[in-house]
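**Q** dropping a prediction and its sequence here:
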Amino acid sequence: MSIDSYAIAFIGLGEAASTIISGWGNLRNNQIQAYDIKLHSVDTKEEIFAGHMNLIYV
C-alpha cells in the first residue's frame with residue numbers, strides 16, 4: 001500500500017501534532033485533518049491560529 005492512500009487526523013494541535021504536520025509540509029496537506037477544541041473559545045482561538053498559521057491550509 002502506498003503512503004498516498006493514507007490519511008491522518010489529529011485531535012489537538014499540541015507539540016506532537018504540530019511537529020508531524022510541519023514535517024509533512026505541503027506535499028501531504030490534503031491527507032491531514034486536525035481539530036482542536038480551543039477553536040471554540042474566543043480566548044484561545046487566536047492562540048491556535050497565531051501559533052499554527054503555517055500549518056493551516058484552507
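**A** Nice, thanks for sending it over. All of these numbers come straight from a predicted model, not from anything done at the bench. Numbers count the residues shown, from 1 in each chain.

**Q** can you read off the pLDDT for residue 43?
**A** Among the per-residue scores, residue 43 holds a pLDDT of 85.

**Q** in which helix or strand does it reside?
**A** Residue 43 is located in helix 42-52, with elements delineated by DSSP states H and E.

**Q** show me what that helix is packed against.
**A** On a contact count with 3 or more CB pairs under 8 Å, 6 or more residues apart in numbering; DSSP states H and E, helix 42-52 meets no helix or strand. Placement of C-beta: from N, CA and C, glycine included.

**Q** hey, C-alpha coordinates of that helix in CSV?
**A** The C-alpha trace of helix 42-52 is given here as CSV (Å, rounded to 0.1, in the frame of the first residue of the first chain):
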residue,chain,number,x,y,z
VAL,A,42,-12.7,33.3,21.6
ASP,A,43,-10.0,33.5,24.2
THR,A,44,-7.9,30.6,22.8
LYS,A,45,-8.9,30.6,19.1
GLU,A,46,-6.4,33.3,18.2
GLU,A,47,-3.7,31.4,20.1
ILE,A,48,-4.2,28.4,17.8
PHE,A,49,-4.3,30.4,14.6
ALA,A,50,-1.3,32.5,15.6
GLY,A,51,0.8,29.6,16.7
HIS,A,52,-0.1,27.3,13.8
